[in-house]
Every structure is written in C-alpha cells, then in structure tokens.
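Visitor: Sequence unavailable; structure follows:
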Ligand SMILES: Cc1cc2nc3c(=O)[nH]c(=O)nc-3n(C[C@H](O)[C@H](O)[C@H](O)COP(=O)(O)OP(=O)(O)OC[C@H]3O[C@@H](n4cnc5c(N)ncnc54)[C@H](O)[C@@H]3O)c2cc1C
C-alpha cells in the first residue's frame, strides 16, 4: 500500500517528467516522428503514415489544442517544408536515414542554395560549377538570398556539372555540408532591419558524390520538387477561419472604426469585408488542395496558392498600415533590429516583410506564367535559349 504522501510524491514526479518531455523539443519531436505523426503524408518509417497533407492539419490542431508549441515554421521552415520532401523523393537510403529525422527535430537546420547574383527567376541558367574529381565534386561559385544560411548545418545546392548541354540538362543537385572548408557565409541586411538571409561564397568546396540527390544532370528535376514544395509551404498550412493576418486587420478595424466618420467607415467596412472574404476563399481552396494531395509532391496548384496568398498578405498588411493613419508610418517603440525574425511580432515588421512575399519562392509574374501554361494551357513564355548548349548562351 502506498501512503497518500507516496502517491502525491509520485504524481508530482510524473507531472515533472511530462513537463520535461514537452519542453524538450528534440525528444518530443523525435517521438512524434517515430509515431508517424510528424509528416503524416510521408511513408511509414519516415515520420508518416502514408496519409494526406490535410490529415497533418488535424494532427497539428490536436497538438496545438494540448499546448504543444513547436511550430515547423519557426523550427526549420526550409528543411521541413522543402529539404525533407526532396531527400525523401531523391535521396539514397543512407541519406534518408542520416537527414530526415534530424530535419524534423530541428537538430539540423537547412537552407536552399539556388539563386545566384545573375540568376533568380531563370535559375536554370546559373553559372556556379561543380567539376568531378574521383569520388568527389569540387564546387566554385556564389549563391545569394540564402535564407538562414548563417545557422544552417546543410544546404540544398544546385550547380552546373555539364556546361555543354542545354541549361536545364547540365545541372546536378547536392546536399552541402555548410561547415565544409571553402563555404563562406556573409549577411545581407534587409529593410526590416534583420539579416535573415545571406550571400554564400563557394571556393574549391569538396562534396562526396554520395551526397548527390538524383542522377548527375537531373538536378533540374530535383530542384522542381523543392520549388513545388516551397510554394506549398509559403502558401501556409491549414488555419482556423479568420486567423492569421486577417485577424490583425479585423482587430485594428475594431479599434479604429469609431474614430472614422460615416462615409470613411462605410468605405473601410467594405475594404475589410472584401479582404476577409478573400482570406476565407484562399483558406478553403488551400485546405481542399492539401486534402487531395496524397503522399506525392505537389503540382502547379501550389504555385497558384502561393501567388494568391502572397498578394493577399500584401493587401492586408497595407490595409492595416492605412487604417492606422499617420501613426502607421512609425516603427513601434522597441522595434527589434536583430538578425532573427523578431520584427515579425510588430506591425511595421510584418508590413515591410510582406513586400518580399511576391518575390521569394518565385515572383508573382513567374507564378502567373505557371498558371497560364500548366493550368490554363496558354502558349508558353518565349524561351530562346532552351535548346542551346549553356556554354553558347551569350552571358
Ligand atoms: C525574402 C527572400 C528570401 C529568399 N530566400 C532564398 C533562399 O533561401 N534561397 C534561394 O536560392 N533564393 C532565395 N530568394 C531568392 C528568390 O528566389 C529570387 O529573388 C526570385 O526567384 C527572383 O529572382 P531575382 O531576384 O533574381 O529577380 P529576377 O529574376 O531578376 O526578376 C526581376 C523581375 O523580372 C521579372 N521576370 C523575370 N523573368 C520573367 C519572365 N520570364 N516573365 C515575366 N517576368 C519575369 C520578375 O518577376 C521580377 O519582377 C529569396 C528572396 C527573398 C525576397
């Protein structure tokens, strides 16, 4: 028989153990991975149950409602949203075992090394080169706009391995160890005051061939998988009705509406209602697209969702600043000028950061090209260099 004191002591210890477990991000997320509740649309044994992306929303909602506060977006957005699906689709078993779980737990942060100073939208034309040397590749070149490179352990690297074939056919894709000799990361400061992204210089960096994803020369196909997943990640996960940016607008509207005169109030009510409707339509469309996307990788619908959510977020953030009146032009007191994304907690930070939404992950013009060509069947963009060996394209 236990005394009341024993039972109280044991209960206290149990509560403490539960708290420790919930507070230990790596331990908790590791168990979530093993249970197949990490990325439900991944296969069993790799953090999932072979379900749909929509089902992940159900899991996330249950976890959130029980006070679990580990958000993929804060922990390792590029690794979880883009790196993991690419490794799953193209990695050897060794690479999957080495990386997937650590990406999810956040033990390894990942970044994406695609854009270069001369090539962003036309990333297939990048000049950075990898030359084979036995079982290794030697890489030289420069990347830019590399979000989180300064805290990353690994990067998804797209480079040219064959300049003598058309641009899309001469690329290969590697997992780069960001601490390898010859990798230099320099910060780029943004108008938000942060420096969440960087320039990355690669000088005689050696990468083992076993760290290649996909076949040699198939880098474009692998990169497309990353980009399609990026667009879905940027479009955001399933969220409750009226939450996120639109909730901020409604809050500011409720605070300000009594200070507006009748005509102004009517005009503003229309603008707020219109944006609320657009947010709701976007939310439902996203939820439907995610529900139908089984384990495989997303198609052009992800680009359409990204286009719509980027433009909507800019419209909402602009409306918030407009509604604040002259005060909307000021930074709030204590505005953080740090490298982290702390500024996203403030109205000014969210407004300034939203300018990047229509550029990052592919500009809105490029998303419209994808929508026109791949969903509406319109004639393709003019691409005069498509079939020319890369080395012969005028630079
Ligand atoms: C916040 C942020 C984070 C980023 N993070 C990363 C990252 O982590 N890793 C990474 O690799 N990159 C990253 N990028 C880079 C991003 O992918 C590129 O900025 C983007 O693809 C556009 O390329 P660019 O800047 O070279 O512009 P450009 O391609 O030079 O485009 C300039 C203008 O021309 C237009 N344009 C170009 N081609 C066409 C066309 N065919 N038809 C119609 N219009 C066209 C564009 O829409 C744009 O308005 C990030 C960018 C931002 C803003």
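Guide: It's in. All of these numbers come straight from a predicted model, not from anything done at the bench.

Visitor: switch to C-alpha atoms for all contacts and neighbour counts from now on
Guide: Fine.

Visitor: show me what contacts residue 78?
Guide: 109, 110, 111, 112, 230 (CA atoms under 8 Å, 6 or more residues apart in numbering).

Visitor: who wins for most neighbours among those residues?
Guide: For the contacts of residue 78, the largest neighbour count, defined by other CA atoms under 10 Å, is 30 neighbours, found at residue 110.

Visitor: about what we covered before: possible to save the contacts of residue 78 as a markdown table with pLDDT?
Guide: Shown next, in a markdown table, are those (pLDDT from 0 to 100):
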| residue | pLDDT |
| --- | --- |
| 109 | 97 |
| 110 | 98 |
| 111 | 98 |
| 112 | 98 |
| 230 | 88 |
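
Visitor: residue ranges with poor pLDDT in the stretch 51-200 of the chain?
Guide: Nowhere does the stretch 51-200 of the chain drop to pLDDT under 70.

Visitor: What segments of it are helices?
Guide: Applying DSSP state H, counting those that start in this stretch to the stretch 51-200 of the chain gives helices spanning 53-65, 72-75, 77-78, 84-90, 93-105.

Visitor: Deepest in the core, which of these is it.
Guide: Most buried of the helices of the stretch 51-200 of the chain, by mean neighbour count (mean count of other CA atoms under 10 Å): helix 77-78, with a mean of 24.

Visitor: Residue 127: how many residues sit nearby?
Guide: 23.

Visitor: circling back: and of the contacts of residue 78, the nearest to residue 275?
Guide: Closest approach to residue 275 among these (CA to CA): residue 230, at 24.6 Å.

Visitor: ok, then the element right after whatever helix or strand the closest one lives in?
Guide: Taking DSSP states H and E as the criterion, residue 230 maps to helix 219-235. Past helix 219-235, further along toward the C-terminus, the next helix or strand under DSSP H and E is helix 245-256.

Visitor: So what touches that following helix?
Guide: Residues outside helix 245-256 that contact it (CA under 8 Å, 6+ apart) are 272, 275, 276, 279, 313, 316, 317, 319, 320, 323, 324.

Visitor: what sits against the residue of the stretch 201-350 of the chain found nearest the ligand?
Guide: Nearest residue of the stretch 201-350 of the chain to the ligand: residue 227, at 9.3 Å (CA to the nearest ligand atom). Residue 227 sits next to 82, 361 when contact means CA under 8 Å, 6+ apart.

Visitor: Let's see the pLDDT reported for it.
Guide: The model reports residue 227 with a pLDDT of 92.

Visitor: Same check on residue 297?
Guide: 68.

Visitor: buried set for the helix holding residue 230?
Guide: Using 16 or more other CA atoms under 10 Å as the test for burial, helix 219-235 gives 219-223, 225-235.

Visitor: what's the most distant pair in the residues you listed?
Guide: 219 and 235 (24.3 Å).

Visitor: Spell out which residues of this structure are next to the ligand.
Guide: Proximity of the chain to the ligand, by CA under 6 Å from any ligand atom, involves residues 111-115, 119-122, 145-147, 356, 359-363, 365-366.

Visitor: In ChimeraX, select just the buried ones from those residues.
Guide: In ChimeraX, this line selects whichever of these come out buried by 16+ other CA under 10 Å:
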select :111,112,113,114,115,120,121,145,146,147,359,360,361,362,363,366
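
Visitor: the domain parsing of this protein - what is it?
Guide: Split into domains by automatic domain parsing, the chain comes to 17-105, 110-219, 225-375.

Visitor: hey, which of the ones you listed is tucked in deepest?
Guide: Ranked by mean neighbour count, the domains of the chain are led by domain 110-219 with a mean of 20 (mean count of other CA under 10 Å).

Visitor: which residues does residue 172 bridge with?
Guide: Beta-bridge pairing for residue 172 (DSSP bridges): residue 159.

Visitor: Surely it touches residue 218?
Guide: Yes: judged on CA atoms under 8 Å, residue 172 makes contact with residue 218 at a distance of 5.8 Å.

Visitor: so where do the strands sit in the stretch 51-200 of the chain?
Guide: Assigned by DSSP state E, counting those that start in this stretch, the stretch 51-200 of the chain shows strands spanning 110-113, 129-133, 136-147, 154-160, 171-177, 183-188, 197-208.

Visitor: mind listing what the first one pairs with, with the direction of each?
Guide: On the basis of DSSP bridges, the sheet neighbours of strand 110-113 come out as strand 154-160 (parallel).

Visitor: and the direction of the partner strand versus that of strand 129-133, what angle?
Guide: Here the directions of strand 154-160 and strand 129-133 differ by 90 degrees (axes from the mean of the first three to the mean of the last three CA atoms, to 10 degrees).

Visitor: Identify the residues contacting strand 154-160?
Guide: With CA under 8 Å, 6+ apart as the test, strand 154-160 has contacts from 83, 108-114, 126-130, 139, 149, 170-178, 219, 223.

Visitor: cool, stretch 360-371 as well?
Guide: Residues outside stretch 360-371 that contact it (CA under 8 Å, 6+ apart): 121, 227, 230-231, 234, 300, 303-304, 306-307, 358, 380-381.

Visitor: repeat that for 7 Å
Guide: With CA atoms under 7 Å, 6 or more residues apart in numbering as the test, stretch 360-371 has contacts from 121, 227, 230, 231, 300, 303, 304, 307, 358.

Visitor: Now that stretch: average pLDDT?
Guide: Mean predicted confidence for stretch 360-371 is 94.
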